[in-house]
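Participant: Sequence first, then the predicted structure, then my questions.
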Amino acid sequence: MVVNCISELVGIEEELGPVLEKTVLNSVDRLQAILQMAATQGERARDGDFRHQALALQNLIIGRSVLSKVIGSESELFSVAEQTLKALALLAE
């Protein structure tokens, strides 16, 4: 539901659009902080652009929400998430 609201309200509706936009951007900021913290603590490599990785994770979250409306297989949805996390070097093998 939130994803639909983002699509329909951000950049269009003057009152709720900015609230939803800020919510998503705050989520990206939190993801970026978590990635940076993990690198600082030696849990992952320090290389890479943490901002872009955080954006990719947010995209995965939003995209999976939408994709789950048409793909009912949990294993396929997990595979999509797994591929993205591997590509971002965020999933240990």
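Facilitator: Looks like it came in fine.

Participant: for this protein, what are the low-confidence residue spans?
Facilitator: 1-2 (pLDDT under 70).

Participant: so where do the helices sit in it?
Facilitator: 2-9, 16-40, 50-67, 74-87 (DSSP state H).

Participant: out of those helices, which comes closest to residue 93?
Facilitator: Nearest to residue 93, of all the helices of the chain, is helix 74-87, at 7.5 Å by C-beta to C-beta. Where you see a C-beta, it was placed from the backbone N, CA and C, and this is true even at glycine.

Participant: Go through that closest one and flag the buried ones.
Facilitator: Buried positions in helix 74-87, judged by neighbour count with 16 or more other C-beta atoms under 10 Å: 81, 84.

Participant: Name the residues that touch it?
Facilitator: Residues outside helix 74-87 that contact it (C-beta atoms under 8 Å, 6 or more residues apart in numbering): 56-57, 60, 64, 67-68, 71, 91, 93.

Participant: So how do I select the buried members of those residues in PyMOL?
Facilitator: Typed into PyMOL, the line below selects the buried ones among the contacts of helix 74-87, using 16+ other C-beta under 10 Å:
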select buried, resi 56+57+60+64
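
Participant: farthest pair in the contacts of helix 74-87?
Facilitator: 68 and 93 (24.7 Å).

Participant: quick one: residue 37 from residue 44, how far?
Facilitator: Taking C-beta to C-beta, to the nearest Å as the measure, residue 37 falls 10 Å from residue 44.

Participant: what's the closest non-adjacent residue to the spatially most central residue of the chain?
Facilitator: Residue closest to the mean C-alpha point of the chain, counted by C-alpha atoms, centre = their mean, is residue 58 at 1.4 Å. Nearest residue to residue 58 in three dimensions, chain neighbours excluded: residue 28, at 4.9 Å (C-beta to C-beta, 6 or more residues apart in numbering).

Participant: cool, and residue 11?
Facilitator: Excluding its sequence neighbours, the residue lying closest to residue 11 (C-beta to C-beta, 6+ apart) is residue 17, at 6.0 Å.
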